[in-house]
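Enquirer: no FASTA, just this:
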């Protein structure tokens with residue numbers, strides 16, 4: 001029965017103007033939640049997701065039928081809907097203990113876990129803290145390809161974000177086409193969902209901020225070539241090209257630690273020596289030729305331009321944004337220029353008004369080979 005005065009049992013919850021306000025307060029003061037409450041929330045979320053998945057599938061079939069297709073041509077929505085990780089995996093039996101230095105402001109440890117074995121998804125870490133975490137030898141570092149259509153597999157919406165506080169991407173988004181590192185504290189537990197890891201980072205960020213060749217020599221770094229219980233491993237580094245495994249293993253074995261490289265100083269053009277760069281070059285070399293033709297026709301800040309160098313990708317995105325913001329004023333000046341010309345103004349005066357180039361958003365994007373852009377340290 002609905003309580004008198006509102007839908008909630010606790011009267012104070014019925015007094016807020018917006019229902020999300022008390023949720024924010026509860027989340028701020030009580031997270032991580034007690035196990036019983038967390039399980040109840042997960043059960044309700046699972047029910048909601050199942051209803052949404054069924055509706056998405058129904059909508060997909062209806063659309064196919066409207067187009068006269070008795071059998072759907074694209075089976076991807078059906079495959080996503082039919083993937084139920086609970087068929088193969090089980091939650092961790094206990095929440096991992098917190099550890100690390102104590103924050104004097106919050107009195108919490110640096111590294112706090114959820115019941116999924118994930119570091120608190122709200123937390124980001126300094127380079128020093130990430131070095132401390134890796135140095136604890138708690139995790140296997142899987143070198144992976146970012147999987148598509150997997151948002152529902154993570155414990156939270158921010159689980160697959162990069163954990164470096166100084167990640168060049170302000171949103172810390174690890175995009176499809178990027179290479180990433182999964183920090184797996186339970187690599188031998190085949191009952192654990194492989195999408196439930198302690199953390200993720202861009203491979204680029206790990207190589208930018210730390211001595212990754214040294215990490216490869218001192219810690220458990222592996223190419224993800226696992227065969228999963230659910231079938232295809234969509235995160236496998238070999239998902240698109242088998243040759244990727246050999247590139248990772250060769251790098252782990254033969255890469256030179258920066259302290260021994262070039263007199264002990266990492267070069268300005270360090271990126272070309274990274275695993276991220278080598279994997280990207282292999283991917284571009286092995287891709288079907290028509291894909292590059294499509295990229296060239298479409299233009300844009302694509303992988304052949306930025307070469308998975310996140311610093312260059314972000315700089316190009318900012319450049320595109322600035323040019324897009326200038327477009328309305330450029331078009332306005334162009335219209336004024338045409339009016340002046342129609343009134344018989346001189347050609348010299350008209351020449352100061354530049355027309356809007358349709359390709360203005362793409363021209364001048366930095367590339368990994370550009371000499372005009374200072375490469376990151």
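Expert: Here it is on my side, so go on. Given the structure is predicted, the values throughout are model-derived calculations rather than measurements. Numbering: from 1, shown residues only.

Enquirer: State the distance from the residue nearest the centre of the chain to residue 121.
Expert: With distances taken as CA atoms, centre = their mean, the residue of the chain nearest its centroid is residue 174 (1.7 Å). Look at residue 174 and residue 121: by CB to CB, to the nearest Å, they are 14 Å apart. Heads up, the C-betas are built off the backbone N, CA and C, glycines and all.

Enquirer: who touches both of those two?
Expert: residue 161 (CB atoms under 8 Å, 6 or more residues apart in numbering).

Enquirer: still on that earlier bit, surely the residue nearest to the centre of the chain is in contact with residue 204?
Expert: No: between residue 174 and residue 204 there is no contact under CB atoms under 8 Å: 9.4 Å.

Enquirer: show me where pLDDT drops low in the stretch 201-350 of the chain?
Expert: 328-350 (pLDDT under 70).

Enquirer: Isn't residue 90 up against residue 189?
Expert: No: using CB under 8 Å, residue 90 is not in contact with residue 189, being 9.1 Å away.

Enquirer: what's the burial count for the closest residue in space to residue 303 that isn't next to it in sequence?
Expert: Distance criterion CB to CB, 6 or more residues apart in numbering; nearest residue to residue 303, sequence neighbours excluded, is residue 177 at 5.7 Å. Close neighbours of residue 177, defined as other CB atoms under 10 Å, add up to 13.

Enquirer: mind listing the helices for the stretch 1-150 of the chain?
Expert: Using DSSP state H, counting those that start in this stretch, the helices of the stretch 1-150 of the chain run over 20-30, 35-66, 76-82, 127-135.

Enquirer: what's the spacing between residue 293 and residue 282?
Expert: 19 Å.

Enquirer: of those two, who's got more company?
Expert: Between residue 293 and residue 282, residue 282 has the larger neighbour count (other CB under 10 Å), namely 16 against 10.

Enquirer: Name the helix or strand for the more buried one, please.
Expert: According to DSSP states H and E, residue 282 maps onto helix 275-286.

Enquirer: Kindly report the same for residue 180.
Expert: Using DSSP H and E, residue 180 falls in strand 179-184.

Enquirer: Neighbouring strands of that strand in the sheet, and parallel or not?
Expert: strand 140-145 (antiparallel), strand 199-202 (antiparallel) (DSSP bridges).

Enquirer: following the shortest one, which helix or strand comes up?
Expert: Beyond strand 199-202 in the direction of the C-terminus, DSSP H and E gives the next helix or strand as helix 203-209.

Enquirer: Packing partners of the helix or strand following that following helix?
Expert: With elements assigned by DSSP H and E, the helix or strand that comes after helix 203-209 is helix 212-218. With contacts defined as 3 or more CB pairs under 8 Å, 6 or more residues apart in numbering; DSSP states H and E, helix 212-218 has these neighbours: helix 243-254.

Enquirer: what packs against the helix it packs on?
Expert: helix 212-218, strand 221-223, helix 275-286.

Enquirer: Next, the residues that contact that helix from outside, please.
Expert: 143, 145, 213, 216-217, 221-223, 225, 237-238, 275, 278-279, 282-283, 286.

Enquirer: ok, now with 7 Å
Expert: With CB atoms under 7 Å, 6 or more residues apart in numbering as the test, helix 243-254 has contacts from 143, 216, 221, 223, 225, 237-238, 275, 278-279, 282, 286.

Enquirer: May I see the buried residues of it?
Expert: Using 16 or more other CB atoms under 10 Å as the test for burial, helix 243-254 gives 244-245, 247-249, 251-252.

Enquirer: And stretch 114-125, by the same measure?
Expert: Buried residues in stretch 114-125 (16+ other CB under 10 Å): 114-121, 124-125.

Enquirer: Looking at the strands paired with strand 179-184, which is nearest to residue 45?
Expert: strand 199-202 (20.9 Å; CB to CB).

Enquirer: burial count for the closest residue to residue 193 other than its chain neighbours?
Expert: In space, and not counting its chain neighbours, residue 193 is closest to residue 89: 4.1 Å by CB to CB, 6+ apart. Using other CB under 10 Å, residue 89 has 19 other residues around it.

Enquirer: Same check on residue 235?
Expert: 21.

Enquirer: That one and residue 148 touch, don't they?
Expert: No: using CB atoms under 7 Å, residue 235 makes no contact with residue 148, being 10.4 Å away.

Enquirer: Closest to residue 323 out of the contacts of helix 243-254?
Expert: residue 279 (30.3 Å).

Enquirer: OK, contacts around that closest one?
Expert: With the criterion set at CB under 7 Å, 6+ apart, residue 279 makes contact with 179, 244, 247.

Enquirer: I'd like the distance between it and residue 309.
Expert: Taken as CB to CB, the span from residue 279 to residue 309 is 12 Å.
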